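# Sharing a sequence plus its predicted fold:
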Amino acid sequence: CSLLRHGPVAIVGPFSEINSLQVQSICEHLEVPHIETRLALDYSPKSDLSVHMFPHLSTLTSVYLELISAWEWTTFAVVYQEADSVLHFKDFFEAAKQNGWEMKFYQLPGPEVLLSSPLEFISSSSSFSSTPSPSYRDVLWRLKEAKHENILLDVRSEHLIEVLRQAQQVGLLTRRANFLITSLDLHTLDLEYFRHSQSNITSLRIVREDHPLLKTLLAEWPSTSARFMPPRSMVARPRHGHLSAHSAMIFDGVELLARALVELERFETKEISCEAGSSWQYGATILNYVRQVHLEGLTGYVAFDALTGFRSNVSFDVISTVETGYEVIARWNGSGLEKTPLWNKHSTSEDTLRLIRVTTVMNDPFMMMANNSKELHGNDRYEGYIVDLMKEIAQLMRFRFEINLVKDKKYGNLNKVMVWDGKMTLVFWKS
């Protein structure tokens, strides 16, 4: 209400859901445009005085489910921090039922749930633990003991480094581990200590770091923020030369508003009093102009659904960590994943792993036919020490293998004409 006394043309934010709902209610009553930048859980039609810069939960869920399907995860853990975050995954249960996925949920302690009990359940069944969890490590050790290798991590970006640090301490960050991070700000974090773990750490990025305005904005940020933003502003400062998703959304929201005001040309601001309850006559008109503006912003193409006020045609980069930074392994634009040439390098699907051919002969107990081998196919036809050993090595080193028996059943001998037979033939001819 104190801001409204200065006659603003719009209110941007705040980030928290409770405060944002209160601000939205006031703006709707007084007909002041409201530009929201938070993740919303509901999909009810918004008021005529509100637009939402943050992609809707259903859009984010679609991307996560496509990634999980593309990676062929069948078992994975969902690790979340805030109590209401479990609602972010309500559409996962139907997908799990259709695809036969097994999900297990773990709650990390947060500021408001430090003494809460972690919640666990698999698919549709539930089992609850009554043990208090005062630290991340307690929950992370349970993930380790359960041998989870595929983890969907939903924590605040400001807690992400500490969660990963403790995950590394308990031994979760291995070359077989795959992390899908829900934060849109992974690209702003310094993950130097985790880049060499060889774990697949992947996230979505909505900020277009190749946008021509971004370099100029980052260069001018210190002087601009000193002039226009209070010292304790919630707008995140660029970290390590990268702009946060919230900051980029605010920038695009203000750009939309500026273009709408240029189109409107004539309007008058006035002091607005919450107590008097008098509305602003230009508010609804300005928001109508905002909804009609389309632009290629720092967060990609920005346009709004006419009914809901949420963004439409949102796109993301799918990024994965490497030793030198990040690589874009795919892009999502509403019509599905578009994989880049780097996809296979970070993919967890077995079809993309390197194939190793194993040549051998039958020799009990090293290589034997399985009891029901006539009904089986591929490597499943065989059993024995070599099969067990190759399975363990393949899982550790991340490759596929194919067992090929030597037709002449020989290890290999050099004959009179200096030609090898048996296994040695396959080795020399790289068969």
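On my side now, so go ahead. It should be emphasised that the depicted structure is a prediction, and the values quoted were computed from it without experimental measurement. Residues are numbered from 1 along each chain as shown.
# what ranges do the helices span in the stretch 201-350 of the chain?
For the stretch 201-350 of the chain, applying DSSP state H, counting those that start in this stretch gives helices covering 212-228, 245-264, 283-292, 343-346.
# contacting residues around Trp141?
Val170 (Cβ atoms under 8 Å, 6 or more residues apart in numbering). All C-beta atoms are positioned from the backbone trio N, CA, C, and that covers glycine.
# please redo it, this time with the cut-off set to 10 Å
Ser135, Gln166, Ala167, Gln169, Val170, Gly171, Leu172 (Cβ atoms under 10 Å, 6 or more residues apart in numbering).
# Top of these by number of neighbours, please.
In terms of neighbours by other Cβ atoms under 10 Å, the contacts of Trp141 top out with Ala167 at 26 neighbours.
# That one and Arg142 touch, don't they?
No: counting by Cβ atoms under 10 Å, Ala167 sits too far from Arg142 to count as a contact (11.9 Å).
# Would you mind measuring from the residue nearest to Lys144 when sequence neighbours are not counted to Pro109?
Distance criterion Cβ to Cβ, 6 or more residues apart in numbering; nearest residue to Lys144, sequence neighbours excluded, is Val170 at 5.1 Å. Val170 sits 15 Å away from Pro109, going by Cβ to Cβ, to the nearest Å.
# Same check on Ser373?
Applying Cβ to Cβ to Ser373 and Pro109 gives a distance of 51 Å.
# Who has more neighbours out of those two?
Per other Cβ under 10 Å, whichever of Ser373 and Pro109 has more neighbours is Pro109, with 19 against 13.
# what ranges do the helices span in the stretch 51-200 of the chain?
Counting by DSSP H, counting those that start in this stretch, residue ranges of the helices within the stretch 51-200 of the chain are 57-71, 92-99, 136-145, 157-169.
# per-residue confidence at Leu298?
We have a pLDDT of 94 for Leu298.
# again with Asn19
On the pLDDT scale, Asn19 is placed at 82.
# How many residues are close by Ile18?
Ile18 has 8 nearby residues by other Cβ under 10 Å.
# tell me which element it is part of?
Ile18 is part of helix 17-30, with elements assigned from DSSP states H and E.
# How far away from the center of its chain is whichever helix or strand comes after that helix?
Remark: after helix 17-30, the chain's next helix or strand is strand 34-36, criterion DSSP H and E. In terms of Cα atoms, centre = their mean, to the nearest Å, the centre of strand 34-36 is found 24 Å from the chain centre.
# Show me what strand 34-36 pairs with in its sheet, parallel or antiparallel.
strand 11-12 (parallel), strand 50-52 (parallel) (DSSP bridges).
# Deepest in the core, which of these is it.
strand 50-52 (a mean of 23; mean count of other Cβ atoms under 10 Å).
# How about residues contacting that one?
By Cβ under 10 Å, 6+ apart, strand 50-52 touches 10-11, 20, 23-24, 27-28, 32-40, 46, 249, 253, 256-257, 287, 290-291, 293, 302, 304-305, 308-311.
# Give the buried residues for stretch 210-224.
His211, Leu214, Leu217, Trp221 (16 or more other Cβ atoms under 10 Å).
# Ignore what I typed, I meant stretch 364-375.
Met367, Met368.
# Can you give me the end-to-end span of that stretch?
Length of stretch 364-375, first residue to last, Cα to Cα, to the nearest Å: 21 Å.
# Likewise for stretch 67-84?
One end of stretch 67-84 sits 23 Å from the other (Cα to Cα).
# Flag every buried residue along that stretch.
Leu67, Ile68, Ala70, Trp71, Trp73, Phe76, Ala77, Val78, Val79, Tyr80, Gln81, Glu82.
# Can you report phi and psi for Leu342?
The phi and psi values for Leu342, taken as degrees, to the nearest 10, are phi -90, psi 0.
# neighbours around it, how many?
Close neighbours of Leu342, defined as other Cβ under 10 Å, add up to 15.
# circling back: elements contacting the helix holding Ile18?
strand 11-12, strand 34-36, strand 50-52, helix 283-292 (3 or more Cβ pairs under 10 Å, 6 or more residues apart in numbering; DSSP states H and E).
# Of all these, which one comes closest to Asn363?
strand 50-52 (66.3 Å; Cβ to Cβ).
# Return the residues in contact with Val358.
367, 379, 382, 386-387, 389-390, 394, 401-405.
# mind showing which ranges of the stretch 251-400 of the chain have poor pLDDT?
For the stretch 251-400 of the chain, applying pLDDT under 70 flags the ranges 347-353, 395.
# which residues in it form strands?
Assigned by DSSP state E, counting those that start in this stretch, the strands in the stretch 251-400 of the chain fall at 295-297, 300-302, 316-322, 325-332, 337-339, 355-360, 368-369, 382-383, 400-405.
# Now distance to Gly241 too, for these, in CSV please.
Listed next are the strands of the stretch 251-400 of the chain as CSV, based on distance: least, Cβ to Cβ, whole Å:
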stretch, distance to Gly241
strand 295-297, 19
strand 300-302, 20
strand 316-322, 15
strand 325-332, 11
strand 337-339, 26
strand 355-360, 40
strand 368-369, 58
strand 382-383, 53
strand 400-405, 39
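# out of the ones you listed, nearest to Val155?
With Cβ to Cβ as the criterion, Val155 lies closest to strand 316-322 of the strands of the stretch 251-400 of the chain, at 16.4 Å.
# Give me the buried positions along the helix holding Ile18.
Within helix 17-30, the residues that count as buried by 16+ other Cβ under 10 Å are Ser20, Val23, Gln24, Ile26, Cys27, Glu28, Leu30.
# So what's the gap between that helix and the chain middle?
Remark: helix 17-30 is offset 29 Å from the chain centroid, using Cα atoms, centre = their mean.
# if we can go back for a sec, so which of the helices of the stretch 51-200 of the chain comes closest to Pro341?
Closest approach to Pro341 among these is made by helix 57-71 (15.3 Å; Cβ to Cβ).
# follow-up on the earlier one: who wins for proximity to Glu268 among the strands paired with strand 34-36?
That would be strand 11-12 among the strands paired with strand 34-36, by Cβ to Cβ, at 17.8 Å.
# Mind listing residues that contact the closest one?
If you take Cβ under 10 Å, 6+ apart as the criterion, strand 11-12 is touched by 3-4, 20, 23-24, 26-27, 30, 32-37, 49-50, 53, 235, 249-250, 253-254, 257.
# Name the nearest residue to Gln198, ignoring sequence neighbours.
Once flanking residues are discounted, Gln198 sits nearest to Arg175: 3.9 Å by Cβ to Cβ, 6+ apart.
# Adding distance to Ile329, write the helices and strands packed on helix 17-30 out as CSV.
Formatted as CSV, the helices and strands packed on helix 17-30 follow (distance: least, Cβ to Cβ, whole Å):
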stretch, distance to Ile329
strand 11-12, 33
strand 34-36, 30
strand 50-52, 28
helix 283-292, 34
